[in-house]
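In: coordinates only, sequence not included:
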């Protein structure tokens, strides 16, 4: 399976600022996904990052708050904009292994907004 | 809508067997995953069921009944390192992206 590198691994940010999270895969993948895992909660899909077109956002998530870039088939970024303490969460990048039909994850970015 | 239910927490003894249940209600069904997640780490893939029956993989087995909307993960010969959160995730009809349940926190004690 591919290897996903995600950074930063953690950050503490001031409210009102923005943080960009990077996800690098060591092989080309068609789809990349961004999940959020709030404390004590499960993983919630934010959006699907499509190469060459705009990301597809899930209900409750909007582009202005979570802009996503996908410049090529191995890289994506998620920005958390105008942060508030409610954005404190773990953000995870995920890709699908088409051969074995499962999804695997980067190590995640633990974000704390103060 | 889509509901995925699993127990919040379970405890078990080292060397024992534990079964973690997952029930789901979805509009259509395209498969079910189980993932393991240790604290502070990313989820790791355990199993994928798309047909009814039991899939065995070493100490871990996963069962699916599509007619009942039910799956379980069976862990045998429990080890302390099995203490983790176990996530059930379902792919609903018309999709290929999994939706996750809240996870079951398993505590294995000596």
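Out: Structure's in. What do you need? Since we're looking at a predicted model, the values are computed, not measured.

In: Model confidence for the residue nearest the centre of chain A, exactly?
Out: Residue closest to the average C-alpha location in chain A (Cα atoms, centre = their mean): residue A:34, at 3.4 Å. Looking at residue A:34, its pLDDT stands at 97.

In: can you pull the contacts of it?
Out: Residues near residue A:34 by Cβ atoms under 8 Å, 6 or more residues apart in numbering or on different chains: A:23, A:45-47, A:49, A:66, A:68, A:76, A:78, A:91-94. Backbone N, C-alpha and C define where each C-beta goes, glycine included.

In: Strands of chain A, start to end?
Out: Along chain A, counting by DSSP state E, strands occupy A:4-7, A:10-13, A:19-25, A:31-37, A:43-50, A:56-57, A:68-72, A:75-80, A:89-97, A:102-105, A:109-113.

In: any idea which of those strands is most buried?
Out: strand A:31-37 (a mean of 24; mean count of other Cβ atoms under 10 Å in any protein chain shown).

In: how big is the angle separating that one from strand A:68-72?
Out: 150 degrees (axes from the mean of the first three to the mean of the last three Cα atoms, to 10 degrees).

In: Just checking the distance from strand A:31-37 to the centre of its chain.
Out: Per Cα atoms, centre = their mean, to the nearest Å, the displacement of strand A:31-37 from the mean C-alpha position of its chain is 5 Å.

In: remind me which residues of the chain are low pLDDT?
Out: Chain wasn't specified; assuming chain A. Along chain A, the parts satisfying pLDDT under 70 run over A:1.

In: looking at chain B here, not the other one
Out: Looking at chain B by pLDDT under 70, you get B:1-2.

In: just to revisit the earlier point, now, which of the contacts of residue A:34 sits nearest residue B:106?
Out: Nearest to residue B:106 among the contacts of residue A:34 is residue A:92, at 20.6 Å by Cβ to Cβ.

In: which residues touch that closest one?
Out: So residue A:92 contacts A:6, A:34-37, A:43, A:105-106, A:108-109, B:42-43 (Cβ under 8 Å, 6+ apart).

In: would CSV of the residues you listed with distance to residue B:78 be doable?
Out: Output for those, formatted as CSV (distance: Cβ to Cβ, whole Å):
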residue, distance to residue B:78
A:6, 31
A:34, 34
A:35, 28
A:36, 31
A:37, 25
A:43, 25
A:105, 24
A:106, 28
A:108, 26
A:109, 31
B:42, 22
B:43, 20
